[in-house]
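Student: below are the sequence and a predicted model for it; my questions follow.
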Amino acid sequence: MAKMTEIRWHGRGGQGAKTASLLLADAAFMAGKYVQSFPEYGPERSGAPITAYNRISDERCTIHSNIYDPDYSVVVDETLLASVDVTAGLKEGGALIVNSEKHPEELRPLLKGYTGRIYTVDAGAISRKYLGRYFPNTPMLAAVVAVSGILDAESFLSDMEESYRHKFATKPQVVEGNLKCLAEAMQEVKKHE
Amino acid sequence: MSIKDRLSGNEAVATAMRQINPDVFAMFPITPSTEIPQYFAQYVADGRVDTEFICVESEHSSMSACIGAEAAGCRAVTATSSAGLSYMNEVLFCAASLRLPVVLAVSCRALTGPININHDYSDSMAERDSGFIQIYAENNQEVYDNYLQAHRIGEHEGVRLPVMICQDGFITSHALENIELEEDEAVKAFVGEYCPENYLLKQENPLAVGPYGTSPYYMEARVAQAEAMKKAKEVILEVAADFEKNFGRHYGFFEEYRMEDAEIALVIMGSSAGTAKAAVDELREQGVKAGLVKVRVFRPFPAEELAKALSGCSSVAVMDKSEGFSAHGGPLFADTAASLINAPRRPLMINIVYGLGGRDFTVSQAKRVFARLENIARTKETGPVYTHLGQRDDREEVQ
Amino acid sequence: MNKKACDINEQSTWQELTVGCEIYEGGTSVLRKTGEWRSKIPSWDPAKCKQCLLCTPFCPDSSIPVTDGKRGDFDFEHCKGCGICFKICPFKAIDWKEVQ
């Protein structure tokens, strides 16, 4: 079977974890990949923990179940570490990527004996710096791309630029901020390696 | 030329509708099909279609409006799910018996209760006797392709029956995946114009629809309708062949996946079939002769063809994603078993009800079903014929 | 060519019905003879009748034919004997009795 990367997103309703999963699928699609992006749906409201998923591969994936053994688990809201088992089933050799200002090893005690790789990126600070508000999913998207290496970094940035120019055709001033968010998050997430 | 894109199943249906540009869309929202009229409303607002977009007050009314529009000579569509489909129940039978080819997109969702918004087929299976043609999809590509074929099947003069285009609520309706779209002009040319011979607004000859049919007439009318459903089998294949000629993707009544020499097989529908294919692949690598049949056309039911496809198997599990409460298995099992009843050679069969109300169906569950089938093939004993899969249970699982 | 309603009856086979039992013409109720449903029957006395024509619009079965502005005798193939004409006639020109 072709190599497939499975990603699980943890966020809270309203924070854009589902959107981040859609953006990642979009970026991977533009890079010529087969993609799946789907949320685990329920009647949850703003603030409730939610899960979203991505499958990315070179061939069409026919599996339509949820993802139980992801390659990467992405936590958009650090407070979830206390209540959700975000490393459940995480593959050996995979990684946990958390939106946090802390050093990865500061988080390890919260992770019930998890011994794998942990990355942190202060997505909140980055988004405030370039977008002027708390919008963590753009930096988190970049962090996933940087850590997983599923997409070529340069073409990812140029594809995203094209996508933003299209999406924000009526307000081109936000394109640059978003691109800076992506670039900085890609650097930032790797700093503790 | 096909256009590579990525869309959710709901957006794929809305896109097909936009390309077809129906005369009337009577809409009432319900999760998880709401996005279909939502996307379509944008197409109306942007002037990309000139459809009469009617916001009605219930699903009974949306189907009724479609019936009125079709009788008037229009191509009419709508979309719904779950309780919305149930609320249409009465008028679904009217659309079918009036022989009006409404096309209804269903993002299938569980029926109450308990109240649930997630996927199973309890809504569409409850309407399997309504007289609608029912076509099911594994993913966004299939629901798009099925939709493009629906109008031609339903409107065929030898058929004239309404069509339900079903997909799995949330699992495919809300999942973004790669898709190949066809160009607007190519779709329009393939689907064609709707030109009914008689319609209410035809000035030259007046028309009355929906007469009272006393006992001396009712039986004959129902037989004629039953014959139309039989005829639909032929037309479904004709339209699929023309679809393949135009767009290159093949469709039949069902898809046979690695069935050439299969000894054990699943009969399954929708997105779960895709998941089960991964299990088949794994088992094949281990030398197990596993396969599956994914039922695409459930009404009309392709009994003879299915019997033929399964006749070489030793054991078969029919996977029902709705509970029929017959105490004897689900609706897909009943029809599959009936298909084989007079076959000279037939497999031992079991029925498994799974995936209710969004309960996830996984590759490992599919492998467990295959393990049970291997055991049945070996021992020639089915064990309990009708069981459930995926529920928490304080008893040991039937294996 | 669409099938006429007069060509469909209780001996027609299912193949001979129209699709969806559609009816492709107006006024087909004329084909249905309802006269035999009567248990009471009206009778018209032209001598007492002033040709006011009040009975005609009141007849629910269009069974009082009018020609050149004057009513004629009842259409007994369709009159169901409801008696409305008897009740509405201001000149007692219509009687209404048990069918013998």
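Tutor: Received the coordinates, thanks.

Student: spatially nearest residue to residue 23 (excluding sequence neighbours)?
Tutor: Since no chain was named, I'll use chain A. Distances taken as Cβ to Cβ, 6 or more residues apart in numbering or on different chains put residue A:141 closest to residue A:23, at 5.1 Å, once the chain neighbours are dropped. All C-beta atoms are positioned from the backbone trio N, CA, C, and that covers glycine.

Student: to clarify, I was referring to chain B.
Tutor: Excluding its sequence neighbours, the residue lying closest to residue B:23 (Cβ to Cβ, 6+ apart) is residue B:74, at 3.6 Å.

Student: and what of residue B:28?
Tutor: Residue B:28's closest residue in space is residue B:62 (Cβ to Cβ, 6+ apart), at 4.6 Å.

Student: got the contact list for the one you found?
Tutor: Contact analysis of residue B:62 by Cβ atoms under 8 Å, 6 or more residues apart in numbering or on different chains lists B:26-28, B:54, B:56, B:78, B:80, B:88.

Student: now for the residues you listed: which two are most distant?
Tutor: Taking Cβ to Cβ as the measure, the contacts of residue B:62 span a maximum distance of 15.1 Å, between B:54 and B:88.

Student: so between those two, which is more surrounded?
Tutor: Taking neighbours as other Cβ atoms under 10 Å in any protein chain shown, residue B:54 and residue B:88 compare with residue B:88 leading, 28 against 18.

Student: the more buried one contacts residue B:80, doesn't it?
Tutor: Yes - under the criterion of Cβ atoms under 8 Å, residue B:88 makes contact with residue B:80 at 6.6 Å.

Student: against which helices or strands is the host helix or strand of the residue nearest to residue A:23 packed?
Tutor: If you go by DSSP states H and E, residue A:141 is part of helix A:137-148. Secondary-structure packing of helix A:137-148 (3 or more Cβ pairs under 8 Å, 6 or more residues apart in numbering or on different chains; DSSP states H and E): strand A:4-12, helix A:17-30, strand A:72-75, strand A:95-99, strand A:117-121, helix A:123-131, helix A:153-167, helix A:173-188.

Student: mean pLDDT added to those, as TSV?
Tutor: Formatted as TSV, the helices and strands packed on helix A:137-148 follow (pLDDT from 0 to 100):
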stretch	mean pLDDT
strand A:4-12	96
helix A:17-30	93
strand A:72-75	98
strand A:95-99	97
strand A:117-121	97
helix A:123-131	95
helix A:153-167	90
helix A:173-188	93
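
Student: mean neighbour count added to the ones you listed, as JSON lines?
Tutor: Shown next, in JSON lines, are these (neighbours: other Cβ atoms under 10 Å in any protein chain shown):
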{"stretch": "strand A:4-12", "mean neighbour count": "24"}
{"stretch": "helix A:17-30", "mean neighbour count": "24"}
{"stretch": "strand A:72-75", "mean neighbour count": "26"}
{"stretch": "strand A:95-99", "mean neighbour count": "26"}
{"stretch": "strand A:117-121", "mean neighbour count": "23"}
{"stretch": "helix A:123-131", "mean neighbour count": "20"}
{"stretch": "helix A:153-167", "mean neighbour count": "15"}
{"stretch": "helix A:173-188", "mean neighbour count": "19"}
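
Student: what count of nearby residues applies to residue A:35?
Tutor: Residue A:35: 25 surrounding residues under other Cβ under 10 Å.

Student: quick check: residues of chain C near chain B?
Tutor: Counting by Cβ under 8 Å from any Cβ of the partner chain, the residues of chain C lying close to chain B are C:2, C:10, C:12-15, C:17, C:19-26, C:28.

Student: tally of neighbours for whichever residue of chain A sits closest to chain C?
Tutor: Nearest to chain C, among the residues of chain A, is residue A:64, at 38.7 Å (Cβ to the nearest Cβ). Around residue A:64 there are 27 other residues, counting by other Cβ under 10 Å.

Student: my guess is it contacts residue B:174. True?
Tutor: No - contact criterion Cβ under 8 Å: residue A:64 and residue B:174 do not qualify, at 11.5 Å.

Student: give me the distance between the nearest residue to residue B:388 once chain neighbours are set aside and chain C.
Tutor: Leaving aside its chain neighbours, residue B:388 sits nearest to residue B:353 (4.9 Å; criterion: Cβ to Cβ, 6+ apart). As judged by Cβ to the nearest Cβ, to the nearest Å, residue B:353 and chain C stand 36 Å apart.

Student: just checking, what packs against whichever strand or helix holds residue B:353?
Tutor: Using DSSP H and E, residue B:353 maps to strand B:348-354. Applying 3+ Cβ pairs under 8 Å, 6+ apart, one finds that strand B:348-354 contacts strand B:315-320, helix B:331-340, helix B:363-379, strand B:386-389.

Student: so, in contact with chain A or not, the longest one?
Tutor: Yes - Helix B:363-379 comes into contact with chain A when judged by Cβ under 8 Å from any Cβ, the residues involved being residue B:363.

Student: list the buried residues of that helix.
Tutor: B:363, B:365-370, B:372-374, B:376-377 (16 or more other Cβ atoms under 10 Å in any protein chain shown).

Student: nearest to chain A among the residues of chain C next to chain B?
Tutor: residue C:20 (38.7 Å).

Student: quick check: the closest one is in a helix.
Tutor: Yes - if the criterion is DSSP: H, G, I helix; E, B strand; the rest coil, then residue C:20 is within a helix.

Student: so what's it scoring on pLDDT?
Tutor: On pLDDT, residue C:20 comes in at 95.

Student: residue B:64 versus the closest residue to it other than its chain neighbours, what's the distance?
Tutor: Closest residue to residue C:20 apart from its sequence neighbours, by Cβ to Cβ, 6+ apart: residue B:99 at 3.6 Å. Distance, residue B:99 to residue B:64, by Cβ to Cβ, to the nearest Å: 16 Å.

Student: and those two? which has more neighbours close in?
Tutor: residue B:99 (23 against 18).

Student: and the closest residue to chain A within chain B, what element?
Tutor: Nearest to chain A in chain B, going by Cβ to the nearest Cβ, is residue B:274, at a distance of 3.3 Å. According to DSSP H and E, residue B:274 maps onto helix B:271-285.
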